[in-house]
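Trainee: sequence and predicted structure, then a few things I'm wondering about:
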Amino acid sequence: MKALLLEDKGKVNEMKVGEIEKPTPGKGEILVKIKATALNPVDYKTGNGGNPNWTYPHVLGLDSAGIVEEVGEGVTNVKAGDRVVYHGDMTKKGGFAEYGVTTAHTVSLIPEGISFEDAAALPCAGFTAYQALFHKLHAAKGQTILVHAGAGGVGGFAIQLAKNAGLKVLTTASAANHEYVKGLGADYGIDYREEDFVEKALEITDGLGVDLVLDTVGRDNADKSLKALAFNGQIAFIAGPPNANEAISFAHPLSFHQVALGSVHQSGNRKEQLKLAEMGDHMLSLLKEGKLNALVQKTVSLDEVPQALAELATRKVKGKIIAQIH
């Protein structure tokens, strides 16, 4: 089968389409004929850093949508011909290929009327936002949330999910993207280049601070975000933890939540793995009902993925980029 081949770690920009053996599903697994795979920052990060579980040439790509071609032993929840989307196991070969294998219990069925491209946009960014908001922060109607990098994938989904749940949404984004993030549901756009987001968040909340923060930027940004939190405020972080030890205070208690979606495949915890399918089912239903925008801004061919990943690495990409495979 055709696949985009990573010949060694650090060679993401040099990937080229080549031929490798078509995989076969094992017990509890399915073989999917891939139609679309989303690009995510984790692709170039792991591609450059490598993984001890990989053999080369490796295939990147965690989020894929396609048609079930074959089911392995013991699979009863899906059948050949079903349209599915899934978040893959980063220790195994991924979705920038004509075929992929994944565990059957972690896939979601794609409803009629939803494209493979829109479905593929959801898992990594969408499930991360969903897990942060509802499994970690337990976001609830009437709360205020500061979502960092609202024009990105995780931020864009978080804005929409929070707004759907009845929260007031503040987000950091460049001034050029304020119209875009407000179109997704943000109540306030904060230009992180020109404004101090802590001062702005306190101003908007009459000095109380926000109830929740979702940080996707990094350790320093997460650390600064603590100053924007209200009494009993909570922060969920993805790209690095704030300094919790220095921030813990009896006078101003806070809660800290680590979000790490991709490692669930190696956890051995089936209950947690099933949440991938549950999140997918819910987000697909929101997409079907017109309550969610899949954020797809651009589609590329398999050959164009390396260039698109380099573009993604600039951290200036809006929404999601999707590779069309078949």
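Mentor: Everything's here; your move.

Trainee: which residues touch Ala125?
Mentor: Ala125 is in contact with Ala38, Asn40, Gly152, Gly153, Val154, Gly156, Phe157, Leu295, Lys320, counting by CB atoms under 8 Å, 6 or more residues apart in numbering. (Glycine included, C-beta is placed from N, CA and C.)

Trainee: how close does the spatially most central residue of the chain sit to Gln131?
Mentor: Nearest to the mean C-alpha position of the chain, by CA atoms, centre = their mean, lies Ala125 at 1.4 Å. To Gln131, Ala125 is 11 Å away according to CB to CB, to the nearest Å.

Trainee: now swap in Ala36 and tell me
Mentor: Taking CB to CB, one finds Ala36 at 22 Å from Gln131.

Trainee: ok, now Thr216?
Mentor: Thr216 sits 13 Å away from Gln131, going by CB to CB.

Trainee: ok, now Ala230?
Mentor: Separation of Ala230 from Gln131 (CB to CB): 22 Å.

Trainee: so for the two, which residue has more residues nearby?
Mentor: Taking other CB atoms under 10 Å, Ala230 and Gln131 do not tie; Gln131 has more neighbours (22 against 19).

Trainee: in a strand, that one, correct?
Mentor: No: Gln131 sits outside any strand when classified using DSSP: H, G, I helix; E, B strand; the rest coil, being helix.

Trainee: okay, buried residues for the helix or strand bottoming out on mean pLDDT in the chain please.
Mentor: Across the helices and strands of the chain, mean confidence by mean pLDDT, DSSP states H and E is lowest for helix 244-247: a mean of 90. For helix 244-247, the neighbour count (16 or more other CB atoms under 10 Å) marks Ala247 as buried.

Trainee: ok, now stretch 256-274?
Mentor: Using 16+ other CB under 10 Å as the test for burial, stretch 256-274 gives Phe256, His257, Val259, Leu261, Gly262, Val264, His265, Gln273.

Trainee: next one: stretch 273-285
Mentor: Result for stretch 273-285 [16+ other CB under 10 Å]: buried residues Gln273, Lys275, Leu276, Ala277, Met279, Gly280, His282, Met283, Leu284.

Trainee: and which of those is nearest to Lys182?
Mentor: Met283 (21.4 Å; CB to CB).

Trainee: list the contacts for the closest one?
Mentor: Leu122, Gly126, Phe127, Tyr130, Phe157, Leu292.

Trainee: ok, which pair from these is furthest apart?
Mentor: Phe127 and Leu292 (12.7 Å).

Trainee: what does the average pLDDT come to for stretch 79-90?
Mentor: Averaged across stretch 79-90, pLDDT comes to 98.

Trainee: end to end, how far does it reach?
Mentor: Taking CA to CA, to the nearest Å, stretch 79-90 runs 24 Å from one end to the other.
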